[in-house]
Structure formats: C-alpha cells, structure tokens
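> Here's my sequence, what's the structure:
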Amino acid sequence: MSFLAVIPHIQVQGANLQTSGILLGGVPLMASTMFAHALARKLGVKDTGVIYIHHDRQDLGGFAYGRFTPAQRRGSAFINKNDYSSKNPNALSLQPTASCHLHLSLVIRFDCVIDSDVLIELLNNQRFAGGQIIEIGKVKIFEEKDLSKIFSKNIKTGFVVLDRHDVLLAYQQSQNLNRLQAFTRLLALTKDGLNHAFGEYHGLSFLSATNLGYALLEEPKTDRTGVRQAYTLDNDVIETPHAYAEPLIGLVQYVSIRQLLNFAKVQPSDDVDLSEEEQEPYQPQNPIAEPLRQLSDNPQELFWQYQWQTHNGGDVFLLRQSI
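Purely as a prediction, here's the structure:
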C-alpha cells in the first residue's frame, strides 16, 4: 500500500529560476522529483511519484524596455585580486544568476508509511531548487485513496501541473510543422488562436514550457575529475558516473485544483423540469480536453515519476505522468 506525505504551503527563498540553460521560469518539476527522491533515501523508503501544486512565484529582478532583467549578486570579499574582472580591473567578477521566491505545495507518494515527525525534521534542513525553505504548513500522512480529499480539504487552492505532449503532437500534425516550430508557435497562441486550432471547450489555459529530463550525449565515465561525487549516509564517497547531457524541454499546463475537480461534473442537465436558462450550458466533447476528464475522475494519474528510457540508442532520463 502506498502512502502520501502532504507538505503544504512551502515558502522558498532565493530558488533557482533557471530550469535549464535556455529557459527561465519553468515550473521546477525536476527539482521537486529529486527533492522527493532525496527525502526517500534519507527515510529509507522508495518514492513513487510527486504532485507539484503552484501557488505563487516572485521573480527577483526588474523590467527594462519590456524585458525582464534578473537581479544579480556580486561578491564582497577581496581574495588575492582573483575576484575582479579580467577585462575591467575596477569591477568585481559576476556569475550571472536568475532567482525567485516560491510558494508551493507537494504531495509525495511513498511505498510504505513514514513518520511525519522524522519527515518534518528532515525538511528543516533541506533546500528546494537551490533556495532556502523558510516556512512549511502542517505536514500530514494519508493513504493514497484519500487524494481527492487532500485537494478539497487540505490544500484547497493552487494549480497542478499537467504533461501536455499530446497537445504539442496534435498541433504539429495539424499545422504540418516540425517539433520546434510547433512548440514555439503554440506557446504564443492567444485564446482565439487556440480556439481556431483546437475548437471550443479545449480547456487549454496557462500553457508553459519546462525542463522534463536529460538526454545523455556520451557514455557515462567514472574517471572524470572535478565532478560532484555521491555519498552514502555515512559520508563515504560513492564512485559516481558522469556524462554530459542536454535538457529536454516539454509542454505543460497549469490547471486550478477547483477546475480539475469539477471538470467531469460539467455535463448537460438531465432534469427536463428545468427551464433552458436554468440548465447547465452544454459543452460538447473535445478530444484535447480528454486528459482533464481522466484526471478529474482519477487524480492518482497526476503524479510525476522519473525513469530511464532508451531512445534511438541513447539513454534518456525523463519525467512523465501516466496520462
């Protein structure tokens, strides 16, 4: 039997806004799944999925001429003149960064029951996406069957994140575009553009891009110097394979908890005694909205899971939902 650890309203200060080398502001799904994995290793159990609920994000920076400029931090220590720029001897060196403050909730699925007090103690020493956790809500443990009650009674508000690679494939095929063209044009579509491409009642609000995995560019090596090593719980070094990789950017959708839980309930009324004005408006079936209907009936499919896959002869580390 699986058990769910509900960690509500996590406040993170100074988290990494850069989810890949080419993308700012993607939902930190990779950080959340690896966060759950790290907790599971310390608890001596196995993590089998995580649900990310978005509440708020404050990007640290400002806007100039319509473009976002991330706030930067400079060093204040003087160490053998090495922290000054090689081009300007009067300016301190700068490592470009992009940071944000996060407000999120997590639902982590474990393969066995865990002690909430031990979990809370671990959370007090954890970081999320490189940022410092400054506050969390009341942590509770539930059975997996209670997931709908968790959304309606415990977390209540926020946005869950859905994998929408199906939308990308449908748009690519209908518009006869390559994958990159379809991806960039789809993210730029307005409401009218989405209606034209997919018809009405598609349910495609808040589409976004984020990093969903990595594809290895070479065979892993264990003799490479200067790489980050893994350690056992006793701080013994583990021989750690290393390989260069490229990020895999995917299409996701933010859906409010209220919309998701009520999506399957929006049906034409069968009560013939009601007047036409009193009946619910009829919403015809749209195949693009089918994943929303499935998740409304079965929210267990919201869990993001990580796995290694072999694709065209190369190894791929990928995050996927079961929908």
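> quick one: the strands in the stretch 51-200 of the chain?
61-64, 67-70, 99-110, 127-128, 131-135, 140-143, 159-163 (DSSP state E, counting those that start in this stretch).
> tilt between the longest one and strand 159-163?
If I follow you right, that is strand 99-110. Put simply, strand 99-110 runs at 70 degrees to strand 159-163, going by axes from the mean of the first three to the mean of the last three Cα atoms, to 10 degrees.
> which strands and helices sit next to strand 99-110?
strand 3-16, helix 29-43, strand 47-59, strand 131-135 (3 or more Cβ pairs under 8 Å, 6 or more residues apart in numbering; DSSP states H and E). All C-beta atoms are positioned from the backbone trio N, CA, C, and that covers glycine.
> Throw the ones you listed into a markdown table and include mean pLDDT and distance to Gln305, thanks.
Converted to a markdown table, those look like this (pLDDT from 0 to 100; distance: least, Cβ to Cβ, whole Å):
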| stretch | mean pLDDT | distance to Gln305 |
| --- | --- | --- |
| strand 3-16 | 95 | 14 |
| helix 29-43 | 95 | 8 |
| strand 47-59 | 96 | 5 |
| strand 131-135 | 95 | 23 |
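> pLDDT below threshold where in the protein?
Along the chain, the model assigns pLDDT under 70 to residues 74-86, 89-94, 264-284, 311-314, 323.
> center of it - which residue?
Geometric centre of the chain, nearest residue: Leu29, 2.5 Å, by Cα atoms, centre = their mean.
> and Leu248, what helix or strand is that in?
For Leu248, the host element (DSSP states H and E) is strand 245-256.
> give the contact list for Leu147.
Residues in contact with Leu147, defined by Cβ atoms under 8 Å, 6 or more residues apart in numbering, are 4, 107, 299-300.
> Buried by neighbour count, from those residues: which ones?
4, 107, 299-300 (16 or more other Cβ atoms under 10 Å).
> Which one of those is nearest to Val50?
Val107 (6.9 Å; Cβ to Cβ).
> Distance from stretch 59-67 to the middle of the chain?
Between the centre of stretch 59-67 and the centre of its chain there are 23 Å (Cα atoms, centre = their mean, to the nearest Å).
> Start and end of that stretch, how far apart?
End-to-end distance of stretch 59-67 (Cα to Cα, to the nearest Å): 13 Å.
> ok, how many other residues are close to Ile120?
By other Cβ atoms under 10 Å, the residues close to Ile120 number 13.
> Isn't it up against Val139?
Yes - under the criterion of Cβ atoms under 8 Å, Ile120 makes contact with Val139 at 5.4 Å.
> coming back round to it: out of the buried ones among the contacts of Leu147, who's nearest Ala197?
Pro299 (27.4 Å).
> State the distance from that closest one to Val6.
13 Å (Cβ to Cβ, to the nearest Å).
> Please point out which parts of stretch 20-31 sit buried.
For stretch 20-31, by 16+ other Cβ under 10 Å, it's 20, 25-31.
> want to throw these into TSV with distance to Leu180?
Putting the buried residues of stretch 20-31 into TSV (distance: Cβ to Cβ, whole Å) gives the following:
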residue	distance to Leu180
Ser20	15
Gly25	19
Gly26	16
Val27	21
Pro28	23
Leu29	21
Met30	21
Ala31	25
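> closest to Thr48 among those?
Among the buried residues of stretch 20-31, and counting by Cβ to Cβ, the member closest to Thr48 is Leu29, at 15.6 Å.
> For Tyr52, see how far away the closest one is.
6 Å.
> what does Phe142 give?
For Phe142, the distance to Tyr52 (Cβ to Cβ) stands at 17 Å.
> thought Ile257 was touching Val160?
Yes - using Cβ under 8 Å, Ile257 is in contact with Val160, at 6.3 Å.
> Comparing the two, which shows the higher neighbour count?
Val160 (22 against 19).
> List the residues that contact the more buried one.
The contact partners of Val160, by Cβ under 8 Å, 6+ apart, come to 51-54, 254-255, 257, 260, 302.
> which one is Lys149 nearest to, not counting chain neighbours?
Leaving aside its sequence neighbours, Lys149 sits nearest to Phe142 (Cβ to Cβ, 6 or more residues apart in numbering; 7.6 Å).
> pretty sure the one you found is in contact with Val6, am I right?
Yes - between Phe142 and Val6 there is a contact under Cβ under 8 Å: 6.4 Å.
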